[in-house]
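1. based on what follows, work out the 3D shape:
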Amino acid sequence: ELGTRLANLVRNRNHQIDMQITNARLMRLGGHVERVSAAELVRSALAEYPFRSSREKQAVVVRVHSDFHFLGSRDLFAQVVDNLTKNALRSLAAASSAPRPGDLLVEIGALGQRGRIAFTDNGVGMDADLRKRIFQPFFSTDRGTGHGLGLAFCQRVVQTARGTIRVKSAPHQGAVFTIDLPVA
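-> Numbers count the residues shown, from 1 in each chain. Down below sits the predicted model:
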């Protein structure tokens, strides 16, 4: 049991280091642009995510209404999925003792020439003042490991692909992060 716990700890620390390295690229985005399947991107990013427990993993439900393709960096968008998942799971952990299936719902769909990826969590939510600041570089609500670059990074990656990211939330009401992208 101790060996398993240590292996998980090392895996989580390595994951945090990888995230910080990727987030440090915030000021020099570019990268390889390719045609990306939204459903495949989300599924593969979540398959590689270092969940802390099987219960946490089961809390995430992916619902594909209709897949779509967009132009962007697959690697950078995988980091966006990773950041949004990490933030949602942290919010869920702060809101309740045991996550349930569907506490983090990731929905993918397209309507006309716009595609959408939405992350809906049942976490602690946030007030209007916090919502105004979350995309600012170096603003963080997590004093432990947060550096305040994750959501700023997400916004830059999405904007580079000619898309938008927005949040809808209220205290104790969870949050919905919505990414809208042009279909390719």
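2. from now on I want contacts and neighbour counts done on CA atoms only, so please keep to that.
-> Will do.
3. quick one: distance of the helix or strand where N12 lies to the chain centre.
-> Using DSSP states H and E, N12 falls within helix 2-24. The chain centre lies 17 Å from the centre of helix 2-24; the measure is C-alpha atoms, centre = their mean, to the nearest Å.
4. got it, and stretch 34-51?
-> 11 Å.
5. so where do the strands sit in the chain?
-> 34-37, 60-64, 69-72, 104-111, 114-121, 164-169, 175-182 (DSSP state E).
6. from the ones you listed, which stretch is densest packed?
-> Among the strands of the chain, ranked by average contacts under mean count of other C-alpha atoms under 10 Å, first place goes to strand 114-121 (a mean of 22).
7. by how many degrees do that one and strand 175-182 diverge?
-> 170 degrees (axes from the mean of the first three to the mean of the last three C-alpha atoms, to 10 degrees).
8. remind me which residues of the chain are low pLDDT?
-> Residue ranges of the chain with pLDDT under 70: 18-20, 22-31, 139-149.
9. what about 90?
-> By pLDDT under 90, the low-scoring segments of the chain are 1-33, 95-99, 127-153.
10. contacting residues for the spatially closest residue to R43 that is not a sequence neighbour?
-> Closest residue to R43 apart from its sequence neighbours, by C-alpha to C-alpha, 6 or more residues apart in numbering: V62 at 7.7 Å. The contact partners of V62, taken as C-alpha atoms under 8 Å, 6 or more residues apart in numbering, are R43, L105, V106, E107, I108.
11. perfect, I'm done here.
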